[in-house]
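prediction below, plus the sequence it came from.
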Protein chains: 2
Amino acid sequence: MSVGHTAVTTPGTAAETAGPPPAGTRTPGPCADEYDDCGIRDVLDRIGDKWSVLVMVELAKGVRRFRELQRAIPGISQRMLTLTVRRLERDGLVERTVHATVPPQVEYELTPMGRGLTAQLRALFEWAGENHARLVASRRRWDAEHPDSEVH
Amino acid sequence: MSVGHTAVTTPGTAAETAGPPPAGTRTPGPCADEYDDCGIRDVLDRIGDKWSVLVMVELAKGVRRFRELQRAIPGISQRMLTLTVRRLERDGLVERTVHATVPPQVEYELTPMGRGLTAQLRALFEWAGENHARLVASRRRWDAEHPDSEVH
DNA sequence: CTGAATCCTTTCTGATACTG
DNA sequence: CAGTATCAGAAAGGATTCAG
């Protein structure tokens, strides 16, 4: 997702009548309601991408080198792994350590903040594990009732 | 994200050996480690998109009509709201009720499963609220140290 | 009001080739 | 090993138009 990580595009037409969330870019003041934003968007953009969670899950097991990560995450390309760890590093969730050895050796590990996030994700993982079957069933049912639909 | 909601490409090869997470592809056997997959991908694909969470958060406050949702979520286009609620409905997270009145009236509300998911998301919201400032700070620092970078 | 259908632009990913 | 640089295809998102 992301899209530059800002929702509203139109600069003018947006907030006119004024309301709780002026939505120029995102809620300017503190969280509109109980949360609404609160930076949840930044977090969702990170965990919502294709590989970040998998990388964090792997790093939750311990320090890993670039190649180790790639081998541990089937399907990820070198390019995407690089981008993913860079973004995680940028957000302060992962720390990158370069050892100036002959064959370059770079190690990645979760920062305290990164560990904090993965801890919060567990609740989500558990829920997913418990409800995935139901979700898939619902999905199949819906697809059966709506043969021709692009909503996938 | 998403990409057909399965990471590794291979299309056909669905459930062959049969197992808890037939998953389009991903981890061969059941959940590799503690989670890895377990359907977490489906969940992340849903909450990771641009609007689903905002819609669920709004619906967590009560039943809402289409226009009410759109007004409550600044920036969302009619098209995206339609797609978002449809996908949530497909996954069994939201229920759609059509009232055959003169001006069409359609109401949306979270299903028990939908409420269950939003409950799990609160942990994430709280974490985001507590760590967003730190994350943004880290981001600014990183950007300052890497003037020319596309990793955004 | 509640959508469905189009068209078009932006963003994301993956494949490939090259480098210190 | 650990990246960087390109490039092309795929997918997501937005604006607009039309309809029940």
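That came in fine, so what should we check first?

and the gap between A:Ala123 and chain B?
According to CB to the nearest CB, to the nearest Å, A:Ala123 and chain B sit 5 Å apart. For glycine as for every other residue, the C-beta is placed from the backbone atoms N, C-alpha and C.

contacting residues for that residue?
Counting by CB atoms under 8 Å, 6 or more residues apart in numbering or on different chains, A:Ala123 makes contact with B:Gln120, B:Ala123, B:Leu124.

dump those residues into a markdown table; add secondary structure and pLDDT as well.
As requested, the contacts of A:Ala123 are arranged in a markdown table below (DSSP: H, G, I helix; E, B strand; the rest coil; pLDDT from 0 to 100):
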| residue | secondary structure | pLDDT |
| --- | --- | --- |
| B:Gln120 | helix | 94 |
| B:Ala123 | helix | 88 |
| B:Leu124 | helix | 93 |
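
of these, closest to DNA strand D?
B:Leu124 (17.9 Å; CB to the nearest atom of the strand).

that closest one: neighbour count?
Using other CB atoms under 10 Å in any protein chain shown, B:Leu124 has 21 other residues around it.

just give the nearest non-adjacent residue to it, would you?
Leaving aside its chain neighbours, B:Leu124 sits nearest to A:Gln120 (5.3 Å; criterion: CB to CB, 6 or more residues apart in numbering or on different chains).

sorry, back to before: in JSON lines: the contacts of A:Ala123, plus distance to DNA strand D.
JSON lines is the format used below for the contacts of A:Ala123 (distance: CB to the nearest atom of the strand, whole Å):
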{"residue": "B:Gln120", "distance to DNA strand D": "21"}
{"residue": "B:Ala123", "distance to DNA strand D": "23"}
{"residue": "B:Leu124", "distance to DNA strand D": "18"}
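
which among those residues gets closest to B:Pro104?
Nearest to B:Pro104 among the contacts of A:Ala123, counting by CB to CB, is B:Gln120 at 33.0 Å.

how far away is A:Leu135 from A:Glu150?
According to CB to CB, to the nearest Å, A:Leu135 and A:Glu150 sit 20 Å apart.

helix or strand for A:Asn131, which one?
helix A:112-145 (DSSP states H and E).
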